[in-house]
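Engineer: Provided below for reference: sequence and predicted model.
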Amino acid sequence: MIGHAPVMLEEVLATLRPRSGAIYLDATFGGGGYASAILGAAECTLWALDRDPDAIARGAEIAARHRGRLRLLEACFGDMLDTLASHGIDALDGVVMDLGVSSFQLDQAERGFSFRADGPLDMRMGREGPTAADLVNTLPEAELARIIAEFGEERHARRVARAILRARAESPILTTARLAEIVRRAVPRDPSGIDGATRSFQALRIAVNDELGEVERGIAAAMDLLAPGGRLVVVAFHSLEDRIVKRAFADATGRSGAASRHDPAALLPPPEPAFALLTPRALRPGEAELQTNPRARSARLRALERRPPPHARMAT
């Protein structure tokens, strides 16, 4: 059962344009909202990835409703090339990626993603690797400050890092509530009303899960897998992710700038890009969706399509 509304669902479907007989990938299965909609829109086959075993388990009900058409795999989307190749899939007609943490993970206190309920300081989307507690209790002050400044865009990152080191010298920081209180005391109150712990928690979550590295690897892999006419649709929720998507799409569609006039390559006609940009400007959620789903407020949708090879275009 879908417990959380998938963000910009109508826009995702309209851009992806599912068709019968095609093969698609939901690279971030989560609660299965996009997957259910894609399977309901056309008699297609859908592969779905998620690094969270809980998400894969939740997908069993959806898979049962669409027998043989939904294939669930526990894997990071940055590894989609190898993961799908091991199942004989080397081309896709479309890929959907909904970046960031899922509402299911945020709502489970025991996962340690949110400061709104006390729980163990974990933050892992999967079940392997260092936890957020490992980072805050072992990293040097300078590295903690870098992570909080770079991934959380927190102006007071050094003050937060110093406060963490003072607190952990007294006793290890093991819960979300304790970390949140340490951070809140270290930063001035935000006039916008945003909780003082928000940016630092985001930064640690991104670091624990290597989220930005995953986005870079996942976008590149998805573009490699697209068949001619195949579409990649990405929904991002904060500026760091969206910046990576925007830059990758600009490079792939020949929009990243011309060669310097001092470069001999500038005398040659540029190669025709393999992809066409479907969203010159990112799509934003409509007002009606924002009223019913505040989580959608920061969402940005970008999409591109693999163009047919030049000889196929000439033939038409």
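Structural biologist: Okay, I see it. Residues are numbered from 1 along each chain as shown.

Engineer: moving C-terminal of the lowest-mean-pLDDT helix or strand in the chain, what's the next helix or strand?
Structural biologist: Lowest mean confidence among the helices and strands of the chain (mean pLDDT, DSSP states H and E): helix 103-107, at a mean of 55. Per DSSP states H and E, helix 103-107 leads on to helix 132-138 as the next helix or strand towards the C-terminus.

Engineer: Could you check how far that following helix is from the centre of its chain?
Structural biologist: The chain centroid and the centroid of helix 132-138 are separated by 23 Å, computed with Cα atoms, centre = their mean, to the nearest Å.

Engineer: Over to stretch 240-247?
Structural biologist: The answer for stretch 240-247 is 10 Å, by Cα atoms, centre = their mean.

Engineer: in that stretch, what's buried?
Structural biologist: Using 16 or more other Cβ atoms under 10 Å as the test for burial, stretch 240-247 gives Leu240, Glu241, Asp242, Ile244, Val245, Lys246. Every residue, glycine included, has its C-beta placed from N, CA and C.

Engineer: residues touching the second one, list them.
Structural biologist: Spelled out, that is Glu241. Leu99, Gly100, Glu211, Leu212, Val215 (Cβ atoms under 8 Å, 6 or more residues apart in numbering).

Engineer: just the fifth one next, same as before
Structural biologist: Taking Cβ under 8 Å, 6+ apart as the definition of contact, the neighbours of Val245 are Leu99, Val215, Ile219, Val234, Ala236, Arg300, Arg302.

Engineer: again with the fourth one
Structural biologist: With contacts defined as Cβ under 8 Å, 6+ apart, Ile244 is in contact with Leu212, Val215, Glu216, Ile219.

Engineer: Looking at those, state which has the most neighbours.
Structural biologist: Ile219 (27 neighbours; other Cβ atoms under 10 Å).

Engineer: A strand includes it, no?
Structural biologist: No - looking at Ile219 with DSSP: H, G, I helix; E, B strand; the rest coil, it is helix, so not inside a strand.

Engineer: correct me, but it touches Ala250?
Structural biologist: No - applying Cβ atoms under 8 Å, one finds Ile219 not in contact with Ala250, separated by 11.7 Å.

Engineer: show me what contacts the residue nearest the centre of the chain?
Structural biologist: Nearest to the mean C-alpha position of the chain, counting by Cα atoms, centre = their mean, stands Leu99 at 1.7 Å. Neighbour list for Leu99: Thr28, Glu211, Val215, Val234, Val235, Ala236, Phe237, Glu241, Val245 [criterion: Cβ under 8 Å, 6+ apart].

Engineer: quick one: which helix or strand includes the residue nearest to the third one when sequence neighbours are not counted?
Structural biologist: So the one you mean is Val215. Once flanking residues are discounted, Val215 sits nearest to Ile244: 5.0 Å by Cβ to Cβ, 6 or more residues apart in numbering. Assigned by DSSP H and E, Ile244 belongs to helix 239-252.

Engineer: next helix or strand past that helix?
Structural biologist: Counting by DSSP H and E, what follows helix 239-252 is strand 275-277.

Engineer: From the contacts of Ile244, pick the one nearest Arg124.
Structural biologist: Relative to Arg124, the closest of the contacts of Ile244 is Leu212; by Cβ to Cβ it sits at 16.0 Å.

Engineer: what about that closest one, distance to Ala248?
Structural biologist: 12 Å (Cβ to Cβ, to the nearest Å).

Engineer: got any residues that touch both of the two?
Structural biologist: Counting by Cβ under 8 Å, 6+ apart, Leu212 and Ala248 have no common neighbour.

Engineer: need the contact list for Ala236.
Structural biologist: Contact partners of Ala236, counting by Cβ under 8 Å, 6+ apart, are Leu99, Gly100, Asp242, Val245, Ala299, Arg300, Arg302.

Engineer: This completes my enquiry, with thanks.
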